[in-house]
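Visitor: just the structure for this:
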Amino acid sequence: MANKTDNVCGFLPEIKADSPQGTIGHLKLSELRPTQNAVGMDEVVAKVARIERIKDSDQLANYLLPRAVPVIIGNDAQYYLIDHHHLTISLWRAKGDVDVPVVVTRNWSGIKGNRFWKEMATNNWVYPFDAMGAGPFNPGTLKKHVKDLDNDLYRSLSWVVRERFGYIKDPNNAIFAEFKWGSFFRTRVIFDEQLTCKKEDSMKMTLADIEKEDPDDHKDQIAYALYLASSPEAAGLPGFVGRYR
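Guide: Predicted coordinates for the structure are as follows:
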């Protein structure tokens, strides 16, 4: 039986392969192709809890409309989201395969293969790295569905630092900014729990897990990350504010 929120944005026109740039319409979550391989699951858990509290379809529409997902149509008329990966995987977990508002950033439906990915890379619209920061890899290795996105602990750390005003979300350099901060922290902040867990568990580890197992180390490393975010080492990263709070 369909979820009552499945068609929450059905009043918008359906996006088609020929929808022009700037069109605002709707697509199902299952139609969206990611342009990154990982998310910070701590942020996802927080978003899922927020979305699950929304029971009314009108309220859900009001929540989603200001958060329209920017998409690129291309590479054989597929729909690639270039932002809001955390929102879409959270919606999938909380509500299932709902339709969401999207805005066509570019219609490159005639551009295929390597040429398409070169254009995406030129515009900084693809992040072909894995959850451990390795890459870049061939874009053919990107996840095919938002539900399959992996967990990147350092993407979670960058989110926590931003939430505590260690840096700001720069509207002029917003796409993949948190991953750039995550890469910065990855070589500088190491939690004790990471040194003792099994390799297969490291991909699943969240900051919430670390806080539960070792609250003192969690507190110390978050404080250190906040300090690093204010240091000269971080100058040049998007949203750098240069002061320790």
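
Visitor: contact partners of the longest strand seen in the chain?
Guide: When secondary structure is assigned using DSSP state E, the longest strand within the chain turns out to be strand 99-108. Under the contact criterion C-beta atoms under 8 Å, 6 or more residues apart in numbering, strand 99-108 has outside partners 6-10, 12, 15, 18-29, 32, 64-65, 67-75, 79, 81-82, 88, 91, 116, 119. (Each C-beta comes from the backbone N, C-alpha and C, glycine too.)

Visitor: just stretch 150-169 next, same as before
Guide: Contacts with stretch 150-169, where a contact means C-beta under 8 Å, 6+ apart, come from 37-43, 130-133, 143, 177-179, 181-183, 185-186, 189, 194, 202-207, 222, 225-226, 229-230, 234, 237-241, 245.

Visitor: can you flag the buried ones in the residues you listed?
Guide: For these, a burial check counting by 16 or more other C-beta atoms under 10 Å picks out 37-43, 130-131, 143, 177-179, 181-183, 185-186, 189, 205-207, 222, 225-226, 229-230, 234, 237-240.

Visitor: mind checking which of those residues are in strands?
Guide: A38, V39.

Visitor: just the buried residues out of the contacts of strand 99-108, in ChimeraX syntax.
Guide: Only the buried members of these end up in this ChimeraX selection, burial being decided by 16+ other C-beta under 10 Å:
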select :6,8,9,12,15,19,23,25,26,27,28,29,32,64,68,69,70,71,72,73,74,75,79,81,82,88,91,116,119
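
Visitor: need the helix or strand of this structure with the lowest average pLDDT.
Guide: helix 199-202 (a mean of 77; mean pLDDT, DSSP states H and E).

Visitor: and the lengthiest helix in the chain, C-alpha only, in PDB?
Guide: Identified as the longest helix of the chain according to DSSP state H is helix 215-230. Coordinates of each C-alpha in helix 215-230 appear next as PDB, following Å, rounded to 0.1, in the frame of the first residue of the first chain:
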ATOM      1  CA  PRO A 215      33.000  10.000  26.000                       C
ATOM      2  CA  ASP A 216      36.200  11.700  27.200                       C
ATOM      3  CA  ASP A 217      38.100  11.000  24.000                       C
ATOM      4  CA  HIS A 218      35.000  12.100  22.000                       C
ATOM      5  CA  LYS A 219      34.900  15.400  23.900                       C
ATOM      6  CA  ASP A 220      38.700  16.000  23.500                       C
ATOM      7  CA  GLN A 221      38.800  15.200  19.800                       C
ATOM      8  CA  ILE A 222      35.800  17.400  19.000                       C
ATOM      9  CA  ALA A 223      37.500  20.300  20.900                       C
ATOM     10  CA  TYR A 224      40.700  19.600  19.000                       C
ATOM     11  CA  ALA A 225      38.800  19.700  15.700                       C
ATOM     12  CA  LEU A 226      37.200  23.000  16.600                       C
ATOM     13  CA  TYR A 227      40.700  24.400  17.500                       C
ATOM     14  CA  LEU A 228      42.100  23.100  14.100                       C
ATOM     15  CA  ALA A 229      39.200  24.800  12.300                       C
ATOM     16  CA  SER A 230      40.300  28.100  13.600                       C
END
